[in-house]
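Asker: Provided below are the primary sequence and the corresponding predicted coordinates.
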Amino acid sequence: MRFNVLAALTLLTGLLTGPLRAQVEYKVYTQHPRIWLEGRRLERLRKEVGRESERWRNIERLIKAEVEFPEEPLLRALLYQVAKDDKSGKKAVDWALAEASAGNFKKPAALRLGAVVFDWCHDLLDENQKRTLAQALFSAAKSLSGNPAVGLPDLRAAVLALVAVGDDSESYATVIETLMKQHWEARLLPRLREGKLLTGSQDLVALGELSHVARHNFEIEIWEQASGVFRALPMRMMMGVTPPPVRTEEGIFRVPLNTPLERVALEGSMNRIAGMIFVAYENTQADYQFLQGWVRHDAVTLYTPLGAVYEFLWVNPYLPGLSYFSAPLVFHDEFEGRLYARAGWQDEDLWAAYFDHRLYIVSDGETHEIRIDDKQAPLIVPGAAIAFGRAPLDFQVTIPEGQAVYVVGLEEGRTYPVRVNNSRNADQPVLKGGILVIENRINSGLPEIDFGERLRVRVREAK
């Protein structure tokens, strides 16, 4: 029989670049702690304790004031890891054992905290305690894996629990694989790519926490699975909150439009915590360095019992960042079908956003809501002109070269004839949310636009 060298090389190439390369083994080989405190982060936090950094002193102040921490077990487990506080670690273990006995790990919030305590305080557990907690965590996670409608925070809690348990439970890897393949890859990841998964700041936190654990324990880059979404996250988090920040007795919070007063502290805290987590996950791209500058703004540091723990855990004061005052002032969120614009990054600067077929403008602290049938002249901001209304539209604007005109309020998925100045009509598709973008694009087949001159834009009825 002749040996076919070409066939052999083709087979070898397929093995190296095909299924074997993409195959993921959901077994945990890392040592405790496996959740968020891997390597350099834990070393840095211990140094922060030694040098009594401001964020560490804030935690100490709250402890001395005997305030109630909403996530007391996480705090106590953290104190054990970074300050060698055995007493705090044992308190966290006692909490976990009581929750396991009461069957409370079936609640995802308790399951998440139980996973952290088991992982961070693993050295404090005797064999009976390990068996008890491992079985309780595993059973709760397995039960969640059987829920066909498991959401992102639930998935995060279950994966954390199984990673924490590891070889303390025989079948943990099989359940992780079920969660990651049947729930994450088959259901949740497609929704993330479509812009339908992240409905609030708590979903962002769950995604960030899951991303860190997947990278450290399975060498999975969730970033690569939805790279477009991740690239958009920094600007989404920065542009998606309205100026000025809301001042309350608990602190200063950046929150999305129309956040009820009773939810300002929670939404503002979770949005900021999400920013901290993602900066810790990715800090090489420019937009994430802008987000780092945004996070490092001292005026909005969280001093609350909820926020102080995460400020210490996630914010790296040595990480270089860029001033967010240099960040873009217009952001088209193609995944959510939204458009955001600012006149500048000062608290008093105008902010505008289009979503749900409404245009919102915040100026001088007052919010104006403009509906699709209201008459509104094009809004000019540094970086773009925004025209709002039903077709046909006929308007004139002047904006600098290299910028864009956004026509919003149109019918999503339809094609509209668009004419700029004396150019011929060009059919342009409307993107998600009803946004049509007029800009110079290479190889688009559309007439080139001289943005330096006054533009007359005519948008005809949809085809």
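Answerer: Looks like it came in fine.
Asker: Averaged pLDDT, the helix or strand containing Ser269. What do you get?
Answerer: Applying DSSP states H and E as the criterion places Ser269 in helix 264-281. Mean per-residue pLDDT for helix 264-281: 96.
Asker: And that helix, what does it pack against?
Answerer: helix 201-218, helix 227-239, strand 246-248, strand 251-253, helix 286-295, helix 305-314 (3 or more C-beta pairs under 8 Å, 6 or more residues apart in numbering; DSSP states H and E). Yep, even glycine has a C-beta here, placed from its N, CA and C like the rest.
Asker: Repeat the analysis, applying 6 Å as the threshold.
Answerer: helix 201-218, helix 286-295, helix 305-314 (3 or more C-beta pairs under 6 Å, 6 or more residues apart in numbering; DSSP states H and E).
Asker: List the contacts of whichever helix or strand comes after the first one.
Answerer: Right, the one you point to is helix 201-218. Downstream of helix 201-218, the next assigned helix or strand under DSSP H and E is helix 222-225. Contacts of helix 222-225 with the rest of the structure, by C-beta atoms under 6 Å, 6 or more residues apart in numbering, involve Leu189, Ser211, Ala214, Phe230.
Asker: now do stretch 302-310
Answerer: Defining contact as C-beta under 6 Å, 6+ apart, one finds that stretch 302-310 is touched by Asn58, Ile59, Leu62, Val67, Phe69, Pro70, Leu75, Glu250, Gly251, Ser269, Ile273, Glu311.
Asker: gap between it and the chain center?
Answerer: Centroid separation for stretch 302-310 versus its chain: 19 Å, with C-alpha atoms, centre = their mean, to the nearest Å.
Asker: Next up, the contacts around Asn99.
Answerer: You called it Asn, but residue 99 is Glu. Counting by C-beta under 6 Å, 6+ apart, Glu99 makes contact with Ala110, Gly114.
Asker: Kindly recompute the last result at 8 Å.
Answerer: Listed by C-beta atoms under 8 Å, 6 or more residues apart in numbering, the contact set of Glu99 reads Phe105, Ala110, Gly114, Ala136.
Asker: a helix runs through it, doesn't it?
Answerer: Yes - remark: Glu99 belongs to a helix, assigned using DSSP: H, G, I helix; E, B strand; the rest coil.
Asker: picking up where we left off before, dump the helices and strands packed on helix 264-281 into TSV; add mean pLDDT, mean neighbour count and distance to Asp394 as well.
Answerer: Shown next, in TSV, are the helices and strands packed on helix 264-281 (pLDDT from 0 to 100; neighbours: other C-beta atoms under 10 Å; distance: least, C-beta to C-beta, whole Å):
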stretch	mean pLDDT	mean neighbour count	distance to Asp394
helix 201-218	96	22	40
helix 286-295	95	22	36
helix 305-314	97	22	50
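Asker: Please report the distance of the spatially most central residue of the chain from Pro256.
Answerer: For the chain, the residue nearest the mean C-alpha position is Leu204 (3.7 Å; C-alpha atoms, centre = their mean). Leu204 sits 12 Å away from Pro256, going by C-beta to C-beta, to the nearest Å.
Asker: tell me the domain ranges of the protein?
Answerer: 24-325, 350-459 (automatic domain parsing).
Asker: With respect to Phe331, which of those lies nearest?
Answerer: domain 24-325 (4.2 Å; C-beta to C-beta).
Asker: quick one: which two of the contacts of Glu99 are the most distant?
Answerer: Ala110 and Ala136 (10.1 Å).
Asker: Mind checking which of the two has more residues around it?
Answerer: Ala136 (25 against 20; other C-beta atoms under 10 Å).
Asker: rewinding a little: highest neighbour count among the contacts of stretch 302-310?
Answerer: Ile273 (26 neighbours).
Asker: In space, what's closest to that one - neighbours in sequence excluded?
Answerer: Counting by C-beta to C-beta, 6 or more residues apart in numbering, Tyr310 is the residue found nearest to Ile273 once chain neighbours are left out, at 4.7 Å.
Asker: what separates the one you found from Arg342, distance-wise?
Answerer: 26 Å.
Asker: So Val279 versus Asp298, what's the distance?
Answerer: Counting by C-beta to C-beta - Val279 and Asp298 are separated by 15 Å.
Asker: So which of the two has more stuff around it?
Answerer: Using other C-beta under 10 Å as the criterion, Val279 and Asp298 rank with Val279 on top: 25 against 6.
Asker: Next one: that one from Arg272, what distance?
Answerer: 11 Å.
Asker: Spell out which residues are contacts of both of these two.
Answerer: Val295.
Asker: ok, back up a step: now do the shared contacts for Leu204 and Pro256.
Answerer: Asn271.
Asker: secondary structure element for Asn422?
Answerer: Asn422 belongs to no helix or strand, assigned by DSSP H and E.
Asker: State the pLDDT value of it.
Answerer: Looking at Asn422, its pLDDT reads 84.
Asker: so how far is Leu455 from it?
Answerer: Asn422 is 11 Å from Leu455, by C-beta to C-beta.
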